[in-house]
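Asker: Got a sequence here, can you model it:
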Amino acid sequence: MPELIDIFLLLLAGALGGFLSGVLGVGGGIIFIPILDIVLKQYGIEEEVVKFILSNSLAVIIFTGTFNTYRQYKAGNFFPKYILWTAIPGVVTVLVGSWLITLGDWYRKEFFNVVFAALLIPSVIRMLSTRKAPDNLKSDIPLKKFSIVGAITGMFTAFSGLGGGLVMIPGFVNILKLEMKKAISVSAGVVPFFALPTAIYYMIQVPTQVDISVSHWGFILYPITIPMILGTLLTVPIGVKTGHILKPGTSKVIFSVFAILVLIKMFWETFL
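Answerer: The predicted model follows:
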């Protein structure tokens, strides 16, 4: 079982990830993944550590996305049709990507980091340079555009362990021309659709490491994920309220700063 200091660290990670989820419509994986990396290594989990990190991050993201979506619904900022058209093709690609990862030990996250950064940087630059989007969702946006964004995001979710907001939000703003707050809401609604089937998939897999000191279902270490989930409960509502009072331009800047932090983390993992 995790020690008291580890439980506190996991609660803190959940709280910070939950707040960011509410403000930015992301899953919070950028916070969860490095914390999980530290904690898992302390408990001797060395074999298939990437699979453990990805699966447990996504297990927590189920709850950040669900809590976030509920708060968006209560605030009247909820668009179920666009959420479903984005989520359904993404569920297919996220499961395909997860299946590919579990086929042996071929996957190396460093290669993915380079590809992800190459796509993220121009997306963020373009989002910051776009003019203000309309205040209302356009009725003539082809639903297939949401599906394209969802399919691409699902694959990135599988290979990164992130909820997908870092891909969806620039896609919604740049391609679909959604206003930032609406893009955040749709992204938040899609996140649990990606995370839930992927976490279930990892839950029914059997790790090769047999001497795991933490109770688990497949790759899901529930004594570690539960404190993180509890932390998200405390801060998602605060994050959603904060996001609603921010101006779209301010939200874009905060999202861009967040994206830059992700890129720094990826650069550190890949080259240092």
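
Asker: so where's the stretch 1-150 of the chain shaky on pLDDT?
Answerer: Applying pLDDT under 70 to the stretch 1-150 of the chain picks out residues 1-2, 109, 112, 130-140.

Asker: try 90 this time
Answerer: By pLDDT under 90, the weakly predicted segments of the stretch 1-150 of the chain are 1-9, 17, 20-21, 24-51, 53-54, 58, 75, 77, 98, 100-142.

Asker: which non-adjacent residue is nearest the residue of the chain most remote from its centre?
Answerer: Ranked by distance from the centre of the chain (CA atoms, centre = their mean), the top residue is Asp211, with 29.3 Å. Nearest non-adjacent residue to Asp211, counting by CB to CB, 6 or more residues apart in numbering: Gly44, 7.3 Å away. Bear in mind the C-beta positions are built from the backbone N, C-alpha and C, glycine included.

Asker: correct me, but the one you found touches Leu221?
Answerer: No - assessed by CB atoms under 8 Å, Gly44 is found out of contact with Leu221, at 12.0 Å.

Asker: which neighbours do those two share?
Answerer: Residues touching both Gly44 and Leu221 (CB atoms under 8 Å, 6 or more residues apart in numbering): Ile212.

Asker: who has more neighbours, those two?
Answerer: More crowded of Gly44 and Leu221, by other CB atoms under 10 Å: Leu221, with 24 against 12.

Asker: got a pLDDT number for that one?
Answerer: Model confidence at Leu221, given as pLDDT, is 92.

Asker: Got the phi and psi for it?
Answerer: phi -100, psi 90 (degrees, to the nearest 10).

Asker: contacting residues around it?
Answerer: Leu221 makes contact with Leu40, Phe52, Asn56, Ile212, Val214, Ser215 under the criterion CB under 8 Å, 6+ apart.

Asker: Assumed the fifth one was part of a helix.
Answerer: No - the assignment for Val214 by DSSP: H, G, I helix; E, B strand; the rest coil gives coil, which leaves it out of any helix.

Asker: How many residues are close by it?
Answerer: 16.

Asker: Excluding residues flanking it in the chain, which one is nearest it?
Answerer: Nearest to Val214 is Leu221, by CB to CB, 6+ apart, at 4.7 Å.

Asker: and what of the first one?
Answerer: Beyond its immediate neighbours in the sequence, the residue positioned closest to Leu40 (CB to CB, 6+ apart) is Phe52, lying 5.6 Å away.

Asker: Was I right to think that neighbour contacts Tyr43?
Answerer: No - Phe52 lies out of contact with Tyr43 (CB under 8 Å); the separation is 10.0 Å.

Asker: in which helix or strand would I find the residue nearest to Asp211?
Answerer: Applying DSSP states H and E as the criterion places Gly44 outside every helix and strand.

Asker: shift numbering so it begins at 565
Answerer: That works, and once the first residue is 565, the last one we named lands at Gly608.

Asker: Now do the phi/psi pair for it.
Answerer: Per-residue torsions, Gly608: phi 80, psi 20 (degrees, to the nearest 10).

Asker: what's near enough to touch it?
Answerer: Counted by CB under 8 Å, 6+ apart, Gly608 has contacts Asp775, Ile776, Ser777.

Asker: I'd like the residues you listed written out as CSV, with distance to Ile685 and pLDDT added.
Answerer: Formatted as CSV, these follow (distance: CB to CB, whole Å; pLDDT from 0 to 100):
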residue, distance to Ile685, pLDDT
Asp775, 41, 82
Ile776, 38, 84
Ser777, 40, 81
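
Asker: can you list these in CSV and add distance to Leu588?
Answerer: Listed next are the contacts of Gly608 as CSV, based on distance: CB to CB, whole Å:
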residue, distance to Leu588
Asp775, 39
Ile776, 33
Ser777, 35
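
Asker: which among those gets closest to Gly718?
Answerer: Ile776 (28.4 Å; CB to CB).
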